[in-house]
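A.B. asks: Give me the fold of what follows.
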Amino acid sequence: MVAPAMNVRMWTHAATQANLATLRERGVHFVGPNEGDMACGEFGPGRMAEPDEIADAVSDFFEDSAPLSGRRALVTSGPTHEPIDPVRYIANRSSGRQGHAIAAALARRGALTTLVSGPTHLPDPAGVQTIHVETARDMLAACESALPADIAVCAAAVADWRVASQANEKLKKNGSSVPTLEMAENPDILATLSATANTRPGLVIGFGAETENVIAHAKAKRERKGCDWILANDVSPETGTFGGADNTIHLLSAAGVENWPTMSKVDVANRLAERITKHLGAAE
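C.D. replies: Model prediction:
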């Protein structure tokens, strides 16, 4: 998308920037605006990019936009909702922003991408086959049906536990006791995909959302789950990253730890897609 000519105040206005952020989250690429003198007599960001610059950007996009063509990608996103009774459920604060952004980034690079999403308020990413689920068991079944895949990125914040027996009717206060909920462990989607015989994706990536000892816990999780990479991030309340727009990632692999700077979840997704592309190219 070519940013039209406008003055500095129009470009920097909060409404304009909010709309731009929404478009970026949906995978729109921008050319310009540039900084310089404008017809209104002002100087700053707001000049339309030069025609040659626009033409070069379009050419580069179509040359470089499909390095994952022919690859199949599976991405999970969002929370899961585990019902207690017909009106209540166990969930978490995941917004799905990171998983949706990753699915969009892989699709833009040409991968045939399936997104298995728990309940979110996000639109389905363009160019992505999106399967909507509610529970961890539903998510696992949808993932298994999407195999085989070359790439699996488990970005969903799957509930570890569910109520063993969902009540058929709304639980009521009886004034004398609090109901006891017997819990059961949910399936481990990341570990299951990592151990899937014959159809294991060539590159399995998980997320390690931690509130303390981020690197140590992520290293242990990578070994325990059997995945290739773990993207570890600190989701303690003071970071504001769980459900927020930004993320600080540490990529753990057999080669060691890569510490990424804090960036938007869209930028994290693009960096991960680039990292995946390089890895798969080197493996050929």
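A.B. asks: Got the phi and psi for the nearest residue to H217 once chain neighbours are set aside?
C.D. replies: In space, and not counting its chain neighbours, H217 is closest to E210: 4.8 Å by CB to CB, 6 or more residues apart in numbering. In short, each C-beta sits where N, CA and C put it, glycine included. Reported as degrees, to the nearest 10, the phi and psi values for E210 are phi -130, psi 160.
A.B. asks: contacting residues around E210?
C.D. replies: H217, A218, A232, N233, D234, V235 (CB atoms under 8 Å, 6 or more residues apart in numbering).
A.B. asks: Check A73 too.
C.D. replies: A103, L106, A107, A111, L112, T113, T114, A149, D150, I151, A152, V153.
A.B. asks: Also A55?
C.D. replies: Applying CB under 8 Å, 6+ apart, no residues contact A55.
A.B. asks: Give me the pLDDT for the spatially most central residue of the chain.
C.D. replies: Residue closest to the average C-alpha location in the chain (CA atoms, centre = their mean): G99, at 1.7 Å. As predicted, G99 sits at a pLDDT of 97.
A.B. asks: Which ones among the contacts of A73 map onto helices?
C.D. replies: A103, L106, A107 (DSSP state H).
A.B. asks: The second one reaches T113, doesn't it?
C.D. replies: Right, L106. Yes: assessed by CB atoms under 8 Å, L106 is found in contact with T113 at 4.9 Å.
A.B. asks: residues shared between the contacts of the two?
C.D. replies: With CB under 8 Å, 6+ apart, L106 and T113 have common neighbours A73, V75.
A.B. asks: circling back: scan the ones in helices among the contacts of A73 and report the most crowded one.
C.D. replies: Greatest neighbour count in the ones in helices among the contacts of A73, by other CB atoms under 10 Å, goes to A103: 33 neighbours.
A.B. asks: Would you mind listing the residues in contact with that residue?
C.D. replies: A73, V75, S77, T113, L115, P125, V128, T130, V153.
A.B. asks: Helices along the protein, start to end?
C.D. replies: 8-12, 14-25, 51-64, 97-108, 136-146, 189-194, 214-225, 265-283.
A.B. asks: Please identify the most buried of those.
C.D. replies: Highest mean neighbour count among the helices of the chain (mean count of other CB atoms under 10 Å): helix 97-108, with a mean of 28.
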